[in-house]
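Colleague: 3D, please:
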Amino acid sequence: MKYITTIGEKEYEVEILANNQVSVDGVTYHVDFQSVSGQPVFTMLVDGKSYEAHIYREEDLWQVLLRGTLFTARVEDEREKRLRAESGSQAAESGEHILKAPMPGLVVKVPVEEGEQVEKGDVLLILESMKMQNELKAPRAGIVRRIRVSEGDNVEQREALLGLE
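Modeller: Presented below is the predicted three-dimensional model:
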């Protein structure tokens, strides 16, 4: 599985491979990673070099203390990143926004109706993909203008689902 890890303004593509191997931006490392007695302390061997890290999770961020430096990291799998982008964390505040399917799936529920006023973060549609239900949320306040799908419809990635104005 691939993960996108953001530290500061820089994104890293991390892929967990077989046989204790990890690829970071295309460079493969041999990694042995162990928790120390159930504490938030981990020992790591990376290509034969030993490291110790203190790792704490705070909501959707990770705090990693490594070699005396504290890093704040956001770790998302590719699907989560697409969903967050599609849910509109950078949506325009005016004009029509077309909500598109971030992945192929089955429309489980459309809890809104055309003409309905919604607020930022309201659930517009629930899409099931890979046996997981994903809530697609309003990227901004607006009015639902056109619903293009119905419950039970199968949709393809990037298919238009509804319009929000």
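
Colleague: tell me what Phe42 is bridged to.
Modeller: When bridges are called by DSSP bridges, Phe42 pairs up with Ser35, Ala53.

Colleague: which residues touch the closest residue to Ser129 other than its chain neighbours?
Modeller: In this structure, Ser129 finds its nearest non-sequential neighbour in Gly105, 3.4 Å apart by Cβ to Cβ, 6 or more residues apart in numbering. Using the backbone N, CA and C atoms, a C-beta is placed for each residue, glycine as well. Neighbouring residues of Gly105 by Cβ atoms under 8 Å, 6 or more residues apart in numbering: 127-130, 134, 154-155.

Colleague: most surrounded residue in the residues you listed?
Modeller: Leu127 (25 neighbours; other Cβ atoms under 10 Å).

Colleague: pretty sure that residue contacts Glu156?
Modeller: No - the criterion here is Cβ atoms under 8 Å, and Leu127 misses it with Glu156 at 11.4 Å.

Colleague: where do the contact lists of the two overlap?
Modeller: By the contact definition Cβ under 8 Å, 6+ apart, Leu127 and Glu156 are jointly contacted by Ala101.

Colleague: and what about Glu80, helix, strand or coil?
Modeller: Following DSSP: H, G, I helix; E, B strand; the rest coil, we place Glu80 in the helix state.

Colleague: that one and Thr72: what is the separation?
Modeller: 17 Å (Cβ to Cβ, to the nearest Å).

Colleague: distance of the residue nearest to Ser129 from Arg67?
Modeller: Noted for Gly105: a distance of 42 Å to Arg67, by Cβ to Cβ.

Colleague: I'd like the next helix or strand past the helix or strand bottoming out on mean pLDDT in the chain.
Modeller: The weakest-scoring helix or strand in the chain, judged by mean pLDDT, DSSP states H and E, is helix 78-86 (a mean of 69). Using DSSP states H and E, the helix or strand that directly follows helix 78-86 along the chain is strand 97-100.

Colleague: in that next one, what's buried?
Modeller: By neighbour count on 16 or more other Cβ atoms under 10 Å, the buried set for strand 97-100 is 97, 99-100.

Colleague: return the closest of these with respect to Asp32.
Modeller: Lys100 (41.2 Å; Cβ to Cβ).
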